[in-house]
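J.: Structural data only, the sequence is not supplied:
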């Protein structure tokens, strides 16, 4: 409590200096008028001594409670030394500035002490002011309490803003964690799909080897072995590309056949209805199973995040060395579309491809390019 009384940890800024300079000059001018007023005849010494009453406002933010207590003490000393003079024009706004600062920056118990000190200063001032009397104090006391309450309200709103900011950071962290979990789940799913792909490829190679062993024509046997070598190298390259990215695995068994690009038409209609359009450009052909599966998943992720509204378009472009997958449509759920884009980017990176995405004005577009291996 003592530490809070003598400092809030906030430095004295230029605004504090400007406010203090204003009150000091106003106090000097007020005391000069008292000294030259024939009815008051205040001592000219009252002019410099009154600086001790106004100067503490310099610490209105750094130490508001200590400042208002200093004002009360300095005011009492000034009254003892110089008696009844006109001080209300400076003391009243000075006290209001300090009680507001105390309410806005101190804990409630210290703010109450600051309010009591402010009310004491007003009572002391009205009792010894040339233009006022003690009976005039209650209205100013009420106004002082209102100003103090406004400071408390400002303090409460500031604290609420800090809490909201902390909550926002927490929610952002939860969102990021969720996105990471989705990526992890996607990798686990890809691992299961990879297992089925590997099993199917090995089965095909085994069947080809059996057929080659039964062949009686040497040329046919050589052709079979060459085909086995080509397919084995192709499978090995795909496995290296995928396994190099995967870090987690899941031993679950898939329960449905792996989708291919020929299933995209049904996926588009199923996901977004008859208003969605699928366009195929280039020379459609069978591609490596890993590329077809990733292209299908990219479309699936992005379609799931788009709005169920007209304007959804899916485009496949078969090039000589790459497959281009483009998905666009209305998107009002920015978090979902951002998560879907990240999952699609993971799929694209498995094949050393690229993905460019834009989101704005209620619409999203993503274009993924998947390189094709020679001989595919």
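T.: That came through, no problem. From a predicted model like this one, the values you see are computed outputs, not experimental measurements.
J.: what about residue 15, how many neighbours?
T.: Residue 15 has 10 neighbouring residues, counting by other C-beta atoms under 10 Å. For every residue, glycine as well, the C-beta is placed using N, CA and C.
J.: distance of it from residue 50?
T.: Shown here: residue 15 relative to residue 50, a distance of 22 Å by C-beta to C-beta, to the nearest Å.
J.: cool, and residue 349?
T.: 74 Å.
J.: So for those two, which residue has more residues nearby?
T.: Ranked by neighbour count (other C-beta under 10 Å), residue 349 and residue 50 place residue 50 first, with 27 against 14.
J.: Residue 78 is in contact with that one, correct?
T.: Yes: using C-beta atoms under 8 Å, residue 50 is in contact with residue 78, at 6.1 Å.
J.: so what's in contact with those two at the same time?
T.: Residues touching both residue 50 and residue 78 (C-beta atoms under 8 Å, 6 or more residues apart in numbering): residue 87.
J.: wait, what's in contact with residue 118?
T.: Counting by C-beta under 8 Å, 6+ apart, the residues that residue 118 touches are 68, 72, 95-96, 98-99, 102, 144, 148.
J.: which SS state does the residue lying closest to it once chain neighbours are set aside fall under?
T.: Setting aside the residues directly before and after it, residue 118 is nearest to residue 99 in space (C-beta to C-beta, 6 or more residues apart in numbering), at 4.2 Å. Residue 99 carries the three-state label helix when classified by DSSP: H, G, I helix; E, B strand; the rest coil.
J.: Could you do residue 317 as well?
T.: Relying on three-state DSSP, one would call residue 317 strand.
J.: Retrieve the pLDDT associated with it.
T.: Looking at residue 317, its pLDDT reads 94.
J.: cool, the one 3 residues further on as well?
T.: Listed pLDDT for residue 320 reads 88.
J.: Could you give the number of residues near it?
T.: Residue 320: 8 neighbours (other C-beta under 10 Å).
J.: what does residue 322 give?
T.: The burial count for residue 322: 16, using other C-beta under 10 Å.
J.: Wait, it touches residue 370, no?
T.: Yes: taking C-beta under 8 Å as the definition, residue 322 is a contact partner of residue 370 at 6.3 Å.
J.: list the residues that contact both of the two?
T.: residue 353.
J.: all helices for the stretch 1-150 of the chain, in order.
T.: Shown for the stretch 1-150 of the chain, the helices assigned by DSSP state H, counting those that start in this stretch span residues 2-6, 14-36, 46-49, 51-54, 64-82, 88-105, 108-127, 137-214.
J.: Comparing the ones you listed, which yields the minimum mean pLDDT?
T.: Mean pLDDT is lowest for helix 2-6 out of these, coming in at a mean of 48.
J.: can I see the domain layout of this structure?
T.: The chain is divided into the following domains under automatic domain parsing: 2-132, 181-243, 261-371.
J.: As a markdown table, the ones you listed with distance to residue 156 would be great.
T.: A markdown table is the format used below for these (distance: least, C-beta to C-beta, whole Å):
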| stretch | distance to residue 156 |
| --- | --- |
| domain 2-132 | 9 |
| domain 181-243 | 37 |
| domain 261-371 | 31 |
